[in-house]
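S.K.: got a predicted model here, sequence first, then my questions.
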Amino acid sequence: MKYGKRTLSVAPMMDWTDRHCRVFHRQITRHTWLYTEMVTTGALVYGDVERHLRYDELEHPVALQLGGSDPADLAKSAKLGQDYGYDEVNLNCGCPSERVQKGAFGACLMAEPQLVADCVKAMRDAVSIDVTVKHRIGIDKNEDYGFVRDFVGTIAEAGCQTFIVHARNAILKGLSPKENREIPPLKYEVAYQLKREFPELEIIINGGVKTDEEIALHLEHVDGVMLGREAYHNPYVMANWDQRFYGEASSARSRAEVLEAMVAYTAAQLAQHGAQGMRLNSVTRHMLGLMAGLPGARAFRQLLSDPKKLASGDPRLLLEAAALVDARA
């Protein structure tokens, strides 16, 4: 099934955008594209495919992000993703962590555009769904626009039509992944320039975006906007996206409606997987920011972080926490 444009999306974030997080986000926004955490090709070629790829049908449109640099392994992994029903396969060329670098993928791949092109071609030959690339605007101190322009141009020649541009350089040595998301300056103009130079490509901007107003400004220059940390820590920021950016007629779900849906989902998951297979915190940890900005939000977070309360395994804890918040404010 073909879904709408990638006008808005939630970034792939390690340890955060797992399947429970994505189901939660889907309760808030129907049309926004959701991305998995990065899954390495090794995990799929040699590991437990079901554990890494299972998801809920509610999540569509949902994209699988892959980490790897071997064209054959990426082709196999992309095919697995398509067989599982993912709507897109995305190649990670933006993660700067040393662990990822040791695997010879992530941001360091930007130094090898022809290899990335070979990877993209192998994946496109293996699947009929979209193959996209997420990357930075440069690596280390290389701030030459020509570097990212040539990278995008080379990959586009291999058939990639969609580029998600994290508008910062990746510093491969000396900065942690967290610092790499904060210290290198944001240069949105680079993404804008890519769109001007490659008008036929879909260019999506990522990095530091927090508000609907900022989204609207970016959409004057590029095709889409991807949010990461803001969508995770303040998820109800997504509540009006369907109406404002996708033309949805129905009104946004209230926080109470989102909670009720998640109580039902969590109860079903606990019943399916049992206390040994899943803990209540596996879901609730992603929901701590739902009441951000409201009186009682701190008490909501504290209750959902209380180990003794969580040990009960009762999803109605979400409703108990919600009762501490004044949603009328």
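M.R.: Arrived safely, thanks for sending.
S.K.: quick check: domain ranges of the protein?
M.R.: The chain is divided into the following domains under automatic domain parsing: 8-246, 255-322.
S.K.: run the chain-centre distance for the longest helix seen in the chain.
M.R.: Across the chain, the longest stretch assigned as helix under DSSP state H is helix 255-277. Distance of helix 255-277 from the chain centroid (C-alpha atoms, centre = their mean, to the nearest Å) equals 22 Å.
S.K.: how about that helix, which residues are buried there?
M.R.: For helix 255-277, burial by neighbour count (16 or more other C-beta atoms under 10 Å) applies to 255, 258-263, 265-266, 269-270. (Glycine included, C-beta is placed from N, CA and C.)
S.K.: and those residues as CSV, adding distance to residue 313 and pLDDT?
M.R.: CSV is the format used below for those (distance: C-beta to C-beta, whole Å; pLDDT from 0 to 100):
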residue, distance to residue 313, pLDDT
255, 23, 96
258, 21, 97
259, 17, 97
260, 18, 96
261, 19, 97
262, 15, 97
263, 13, 97
265, 15, 96
266, 10, 96
269, 11, 93
270, 6, 91
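S.K.: below-threshold pLDDT in the protein: ranges please.
M.R.: For the chain, applying pLDDT under 70 flags the ranges 1, 99-104, 274-277, 327-329.
S.K.: residue boundaries of the helices in the stretch 1-150 of the chain?
M.R.: 19-28, 41-45, 49-53, 71-84, 98-102, 113-126, 145-157 (DSSP state H, counting those that start in this stretch).
S.K.: so which of those comes closest to residue 288?
M.R.: helix 19-28 (10.8 Å; C-beta to C-beta).
S.K.: between that closest one and helix 255-277, how many degrees?
M.R.: 160 degrees (axes from the mean of the first three to the mean of the last three C-alpha atoms, to 10 degrees).
S.K.: so which elements touch helix 19-28?
M.R.: Secondary-structure packing of helix 19-28 (3 or more C-beta pairs under 8 Å, 6 or more residues apart in numbering; DSSP states H and E): strand 33-35, helix 255-277, helix 281-284.
S.K.: burial measure for the residue lying closest to residue 252 once chain neighbours are set aside, as a count.
M.R.: Spatial nearest neighbour of residue 252, chain neighbours left out: residue 239 (4.2 Å); criterion: C-beta to C-beta, 6 or more residues apart in numbering. Residues lying near residue 239 (other C-beta atoms under 10 Å) number 18.
S.K.: residue 239 is in contact with residue 248, isn't it?
M.R.: No. With contact defined as C-beta atoms under 8 Å, residue 239 does not count as touching residue 248 (11.3 Å).
S.K.: wait, residue 107 sits on residue 116?
M.R.: No. Between residue 107 and residue 116 there is no contact under C-beta under 8 Å: 11.3 Å.
S.K.: for residue 4, what are its contacts?
M.R.: Shown in contact with residue 4 (C-beta atoms under 8 Å, 6 or more residues apart in numbering): 31, 61, 246.
S.K.: kindly recompute the last result at 7 Å.
M.R.: 31, 246 (C-beta atoms under 7 Å, 6 or more residues apart in numbering).
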